[in-house]
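Student: after the sequence you'll find the predicted model.
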Amino acid sequence: MKTGKTRQGLVKAFNAAIEGILYTFKFERNMKIHYFVAVLVFLGSLFFDLSKVEMLILIFSISLVVISEMFNTAIEKTIDMITDEYHVLAKIAKDVAAGGVLIAALNSVIVGYILFYDELTDLSTSLLYTIRRSEPHITLICIVLVLIAVVVVKTMTSTGTPLKGGMPSGHAALAFAMATAITFMTERVVAYTLAYLMAVLVAQSRIEGKIHTFWETVAGALLGVLVAMLVFQIGNFY
Ligand SMILES: Nc1ncnc2c1ncn2[C@@H]1O[C@H](COP(=O)(O)OP(=O)(O)OP(=O)(O)O)[C@@H](O)[C@H]1O
C-alpha cells in the first residue's frame, strides 16, 4: 500500500513538474525566446564538430538559462500572490531574480561565442571564397552592377527613364556585359564571337527603334564591357 502511495506521489510530482515547464513555455514570452534559441543552437551544433565536453557545456548553459527563467517566474508569481501593491522588498526580490536570468543569458552568449566563433569564421571565409570562385555568382554581381551603373549615369545625365531611352543604353550595356561574361567563362572563340554579334544586334535594334542614338548605344556597350571586365578580373583574382 505504502509503495503504491509513494509511486502515485512520484507520478503526481512528475506531472506537476511537467505542468510547470509547460506553463512557463505557454505564458512566459521570454521562455519562448529561450526555447527557440536553444532549438536553433542545437540544430546548428549538428553542423559543427563539437567534442563531448563542448556539447556538455552547451547543454549546461542552455539548461541554466531555462532553469533561472523558471525560478524567476516562480518568484514573480509568489510575490504577486502576496501583494499587488508596491513594496520595496517585492521590487528587490523580482529584480534579483531577473538579474539571475541576465547572468545566465550572458553566460550562454559567451559560451556560444567561444564554441562557435572559430568555426563560424572558417565557414564564412570558405563561403566567400566559394562565391568569389563561382561563375554564376560573379555573373549575377556583374549584371546587378551594370544595371546600377546605367541608372546612375542616366540620373547624372538627366536623360531617359531608368528602363528606357537616355544616355547610356541599358540594353546595350547588359548585352555587351553578358557577351564579356561569356568570353571570360568560355575559351571558345565561336561562342564569344556569337555572343558579341548578338550584343551588336541588340544595340542596333535600340537605334532602329529610335529609343537610343548611336552614341548612347556605344556608351552602353563600353560601360557593359568595362564593368564586366572589372568584376571578372576581381572575381578571378580572389
Ligand atoms: N509589487 C511590486 N513592488 C515593487 N516593484 C515591483 C512589484 N512588482 C513588480 N515590480 C517591478 O517591476 C518589474 C517587473 O515586474 P513584473 O512582475 O511585471 O515582471 P515581468 O515584467 O513579468 O518580468 P519578466 O519579463 O521577467 O517575466 C520588477 O523587476 C520590479 O522591479
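Tutor: Perfect, I can see it now. Numbers count the residues shown, from 1 in each chain.
Student: where along this structure do the strands fall?
Tutor: Shown for the chain, no strands are assigned by DSSP state E.
Student: in it, which helix or strand is least confident?
Tutor: Scoring the helices and strands of the chain by mean pLDDT, DSSP states H and E places helix 2-27 at the bottom, with a mean of 79.
Student: got the buried residues for stretch 139-159?
Tutor: Using 16 or more other C-beta atoms under 10 Å as the test for burial, stretch 139-159 gives 139, 141-143, 146-147, 149-150, 153-154. Placement of C-beta: from N, CA and C, glycine included.
Student: is any residue of the helix of greatest length in the chain near the ligand?
Tutor: Longest helix in the chain by number of residues, with DSSP state H as the criterion: helix 88-133. Yes: using C-beta under 6 Å from any ligand atom, we find that helix 88-133 touches the ligand at 90-91, 94-95, 98.
Student: now those in a markdown table, with pLDDT?
Tutor: Conversion of the residues of helix 88-133 next to the ligand to a markdown table gives the following (pLDDT from 0 to 100):
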| residue | pLDDT |
| --- | --- |
| Ala90 | 97 |
| Lys91 | 97 |
| Lys94 | 97 |
| Asp95 | 97 |
| Ala98 | 97 |
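Student: by neighbour count, which of those wins?
Tutor: Ala90 (18 neighbours; other C-beta atoms under 10 Å).
Student: residues touching the residue nearest to that one when sequence neighbours are not counted, list them.
Tutor: Computed as C-beta to C-beta, 6 or more residues apart in numbering, the closest residue to Ala90 that is not its neighbour in sequence is Ile79, at 4.8 Å. Each residue near Ile79 by C-beta atoms under 8 Å, 6 or more residues apart in numbering is listed here: 90, 93-94.
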